[in-house]
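1. everything below, folded, please.
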Amino acid sequence: MATPKPQKRSPEEIEDIILRKIFLVSLTDSAESSTPSDPRVVYLEMTAAEILSEGKEMRLSRDLMERVLIDRLSGGFVSSEPPFQYLTGCYRRAYEEGKKIASMKDKNVRFEMESVVKQAKKLSVSYCRIHLGNPELFQNANANSKSGSSNSPLLPLVFAEVGGSMDGYGGGGSSGGTQCPPGFLEEFFRDSDFDSLDPILKGLYEDLRGSVLKVSALGNFQQPLRALLYLVSFPVGAKSLVNHPWWIPKGAYLNGRVIEMTSILGPFFHVSALPDHAIFKSQPDVGQQCFSEASTRRPTDLLSSFTTIKTVMNNLYDGLSEVIRSLLKNTDIRENVLEYIAEVINKNSSRAHIQVDPLSCASSGMFVSLSAVMLRLCEPFLDASLTKRDKIDPNYVFHSNRLDLTGLTALHASSEEVAEWLNSTNVGKTDGSRQYTDGENRLLQSQEATSSGSGVRGSSNAKPASSGDKTKYSFICECFFMTARVLHLGLLKAFSDFKHLVQDIQRCEDTLSTLKDMQGHAPTPALELDISRLEKEIEDGALIQNALSFYRLVVVWLVGLVGGFKMPLPSTCPMEFACMPEHFLEDAMELLIFASRIPKALDGVLLDDFMNFIIMFMASPNFIRNPYLRAKMVEVLNCWMPRRSGSSITATLFEGHQLSLEYLVRNLLKLYVDIEFTGSHTQFYDKFNIRHNIAELLEYLWQVPSHRNAWRQIAKEEEKGVYLTFLNFLINDSIYLLDESLNKILELKELEAEMSNTVEWEQRPAQERQERTRLFHSQENIIRIDMKLANEDVSMLAFTSEQITVPFLLPEMVERVASMLNYFLLQLVGPQRKSLTLKEPEKYEFRPKQLLKQIVYIYVHLARGDTENIFPSAISKDGRSYNEQLFSAAAEVLRRIGEDGRVIQEFIELGAKAKVAASEAMDTEATLGEIPEEFLDPIQYTLMKDPVILPSSRITTDPFNRSHLTADMLISNNELKGRIEEFIRSQEMKQHGERLSKESIKATIQNTNSEMLID
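-> Prediction:
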């Protein structure tokens, strides 16, 4: 017998079944429930009675849906779930029912049931919002059994939506098994008004902020960061975030650290591998986990730690960048985002100081992360051609209402010059009847600057705008200046901190090695950890290359302010260039120096623009006032020398670069001269370090034929100009450095003798021994540095004098050169040479044989170029150091070390000529007799030939006072010169007359004797 077919259910019956499954409710207290065994199903007795009294069928329908849901939530049923879990469960069950409905064959029924499910889902989401906004509205009997967590119940769903777990450091743990119903959050945040969602979102943001507070790079920050990115991807979420009271905290005690720790985004930026103050220390401890006992660990272990940190930090930078970029894309809130970044910058301006207060300034970790984010925001306008650089308006520096750029040192202009220029500029734009205040100037400028929104310019007779208006600039312009400030306070500050830490630990190690008996100077493990952590984070190749791309834009843009890459520069410095913050350029140079010391960091970086900029401005004090900044450019070039960089890329910058071939040597020589006077109280000692870098560069360039030819041409053109001054300073430095180091050698030997007498040494007090030991090592360092510099200077004199001799032999130079050479010769082969013997001369860069060889070569080179035979006379005139026996003594030493015999012979011949000249000079001196004191140079006490009047005293002679002096400032004293020449003539005539008289007397005596003999 055939089984009868089951009766087909009506749409109303299907709807009832679906809604009972979704809402887990029943209108009958019987086994009619679709899931009779499910303990979660609740019998709505009161609701059923009301429906019955209304004469309706005991079925659930879409019309009863909301009524049933309210009764279910407000019924206080003992076995029921908490409201939020119940509502999300309803949504999940509706989703599951929707999948079943999709397989229905009857299209009409399927359409009706899809509509029912859609309404159920919408209702579930709506009451979720109501519940989260008003938690007390639906009380639940099991509320006291809830977890004690104060976090929003929505947070686990958000975590589940964005991915709850991730292998490796920086990932989140699981979301506790919670799964978000598909589409629930999308519907929750997408289809609602701002007012109902705002309090819910604010609570979520506070929860996310708290979840990463004091979390390090090795902690769970990625899950909250992805959740943050998810929330701000909704327009309502972005709007709620920037309207949160903690978006930019307010208060009388607001500072950089407060913003970092209390703002919503601050703790996300605080996540870092960098060390921070103990109060704000994050966990897990990166130093302990990755770099503990670094000195004893295998390199592969350290490399693994470095790779881990690099990966984790790049994930952080990418996530933060996505958050900021998502917020900026929303034009309605872009201003809020820029205001936040500006506030962080302004409140942390003191991070630029050498000593930073960690309680009032944000951490280095925050600013390095912000640096990475800002560089990512700049990427769209850092293309190879920098096509969008014209969007950057220099007036932003003067008229920005957002960034506080006051008080920053400018490239050349003083604050008074800036104020005067701005005033005159604004007067020129008005009718000239009045001058505006600084505030009015800003407002007036706001009508003239191109706005990213309107692009309208004010008319020439515009009046100051109302106080509510603000200057508008393009986003590219805003981003450019903010990035420059953030890098200065962040990445570049981290480089500086790293350098200082390395110096600290080096200082401790030096002290420990030299004063082993002193306690408390050993580098602490904490210091070593700090260095390792800082080194591994900031040596991120991608971050450095992005920063280099940005600073390439900076230098190209700055050059555009003076007319582009062309030489010579304009006669006057444009005020737009002169007023730019000095740190823009200083940071670029510091970054280049740092990057040049990291293998492959410069690979792929376009360096030509940097090279052009350096060549153009390093010898231009009228454009860049700070001589130390111009000296830093030389330091960059020093790092790029092929023997240092080990790269053929940098070699082409020197050997195949047009501007380099034409101007590099010229400008290096000019800077060598300019650096004599820096204006600093340490200028005398600073110049030696700067000239050391210049000397190394010049020595390299001399080996490049094209540069050597340019050098020779400069020496010819500037024979009595900058080249003569260069030689003068080179000789001054050589004499001072060699003299200082030789004297220090004598002092060192005395200290060495004291310490070698162990009996007497041990009897001295411990403190005295420590002081003398400290002095001994200090003297060692001074000798080592001074001898190194002296060797460089003498070497430069040697190789240049081989092909350039004319400037050395000029009347105003030849005697100084000869005196210097005689003095060196006296020190090296004279009577006191044995007292300069050291046990380890190489340790102190003291190589007397090499030094003597170079001195002799200079003698010989100048003798070869001496067509007028004036050099021997100049040698013999040196009354302080000249001694004819020194030449033979030096020749003997050269023979012993195997020097070229021809050079020795030429040197001996020069000595013989000097001896003849000395004899002739003695005759001349006898001829002149006693010289009136007014004809003598008061410093050298020799007869003046071309007396001049100095501008400082308006007298003919003045002791050397190191005041700025150039040849065109001297005034010839023709009257005194004529008297000196007359004196010489009269003495020569007098001598000539006496000689004739003597010869006449002698002839008379001879005649008389002859006659007497005949008689």
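2. pLDDT (mean, whole number) over stretch 226-241?
-> Averaging pLDDT along stretch 226-241 gives 95.
3. who's in contact with that stretch?
-> Stretch 226-241 has contacts (Cβ atoms under 8 Å, 6 or more residues apart in numbering) with 155, 158-159, 161-163, 185, 189-190, 192, 194, 197-198, 201-202, 204-205, 208, 247, 264, 268, 319, 322-323, 326-327, 330, 332-333. Where you see a C-beta, it was placed from the backbone N, CA and C, and this is true even at glycine.
4. mind listing the strands for the chain?
-> Residue ranges of the strands in the chain, as given by DSSP state E, are 25-26, 42-43, 948-949, 971-972.
5. want to throw these into CSV with distance to residue 378 and mean neighbour count?
-> Output for those, formatted as CSV (distance: least, Cβ to Cβ, whole Å; neighbours: other Cβ atoms under 10 Å):
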stretch, distance to residue 378, mean neighbour count
strand 25-26, 58, 24
strand 42-43, 59, 18
strand 948-949, 57, 17
strand 971-972, 57, 12
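6. possible to save those as TSV with mean pLDDT?
-> Shown next, in TSV, are those (pLDDT from 0 to 100):
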stretch	mean pLDDT
strand 25-26	86
strand 42-43	83
strand 948-949	80
strand 971-972	80
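7. and residue 48, how close does it get to residue 120?
-> 19 Å (Cβ to Cβ, to the nearest Å).
8. what number of residues lie near residue 304?
-> 13 (other Cβ atoms under 10 Å).
9. how close does residue 900 get to residue 875?
-> From residue 900 to residue 875 the distance is 21 Å (Cβ to Cβ).
10. I figured residue 917 hits residue 873, correct?
-> Yes: under the criterion of Cβ atoms under 8 Å, residue 917 makes contact with residue 873 at 4.2 Å.
11. where does the stretch 601-750 of the chain dip in pLDDT?
-> When residues are selected by pLDDT under 70, those of the stretch 601-750 of the chain lie in 645-648.
12. the stretch 51-200 of the chain: helices as residue ranges?
-> Assigned by DSSP state H, counting those that start in this stretch, the helices in the stretch 51-200 of the chain fall at 65-74, 83-101, 107-133, 154-162, 184-190, 194-212.
13. quick one: contacts for residue 635?
-> Counting by Cβ under 8 Å, 6+ apart, residue 635 has contacts 589, 593, 693.
14. again, but for residue 350
-> 256, 356-357, 360-361.
15. would you turn those into CSV with neighbour count?
-> CSV is the format used below for the contacts of residue 350 (neighbours: other Cβ atoms under 10 Å):
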residue, neighbour count
256, 28
356, 19
357, 13
360, 15
361, 24
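16. redo the residues you listed as JSON lines? Include distance to residue 343.
-> Below are the contacts of residue 350 laid out as JSON lines (distance: Cβ to Cβ, whole Å):
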{"residue": "256", "distance to residue 343": "9"}
{"residue": "356", "distance to residue 343": "18"}
{"residue": "357", "distance to residue 343": "18"}
{"residue": "360", "distance to residue 343": "14"}
{"residue": "361", "distance to residue 343": "14"}
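17. which single one of those residues is nearest to residue 970?
-> Nearest to residue 970 out of the contacts of residue 350 is residue 356 (Cβ to Cβ; 50.0 Å).
18. quick one, phi/psi of that closest one?
-> With angles defined as degrees, to the nearest 10, residue 356 sits at phi -110, psi 130.
19. before we move on, back to that, redo the strands of the chain as a markdown table? Include distance to residue 11.
-> Listed next are those as a markdown table, based on distance: least, Cβ to Cβ, whole Å:
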| stretch | distance to residue 11 |
| --- | --- |
| strand 25-26 | 20 |
| strand 42-43 | 25 |
| strand 948-949 | 117 |
| strand 971-972 | 116 |
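20. so which of those gets nearest residue 707?
-> That would be strand 948-949 among those, by Cβ to Cβ, at 35.5 Å.
21. helices and strands around the closest one, which ones?
-> Packed against strand 948-949 by the contact rule (3 or more Cβ pairs under 8 Å, 6 or more residues apart in numbering; DSSP states H and E) you find strand 971-972.
22. which strands or helices does the strand it packs on pack on?
-> Using 3+ Cβ pairs under 8 Å, 6+ apart, strand 971-972 is in contact with strand 948-949.
23. domains in the chain, by residue range?
-> Domains of the chain are assigned by the TED database as 11-133, 718-928, 942-998.
24. which of the contacts of residue 635 ranks first by neighbour count?
-> residue 589 leads the contacts of residue 635 on contacts (other Cβ under 10 Å) with 22 neighbours.
25. wait, what's in contact with that one?
-> Per Cβ under 8 Å, 6+ apart, neighbours of residue 589: 629, 632-633, 635-636.
26. residue 185 too?
-> 157-158, 161, 230.
27. before we move on, the earlier item: which of the contacts of residue 350 fall in helices?
-> Counting by DSSP state H, the part of the contacts of residue 350 found in helices is residue 256.
28. if we can go back for a sec, for PyMOL, write a command that selects the buried ones of the contacts of stretch 226-241.
-> Only the buried entries of the contacts of stretch 226-241 go into this PyMOL selection, using 16 or more other Cβ atoms under 10 Å:
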select buried, resi 155+158+159+161+162+185+189+192+197+198+201+202+204+205+208+247+264+268+319+322+323+326+327+330+333
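29. between the domains of the chain, which one is nearest to residue 414?
-> Taking those one by one with Cβ to Cβ, domain 942-998 is closest: 19.6 Å.
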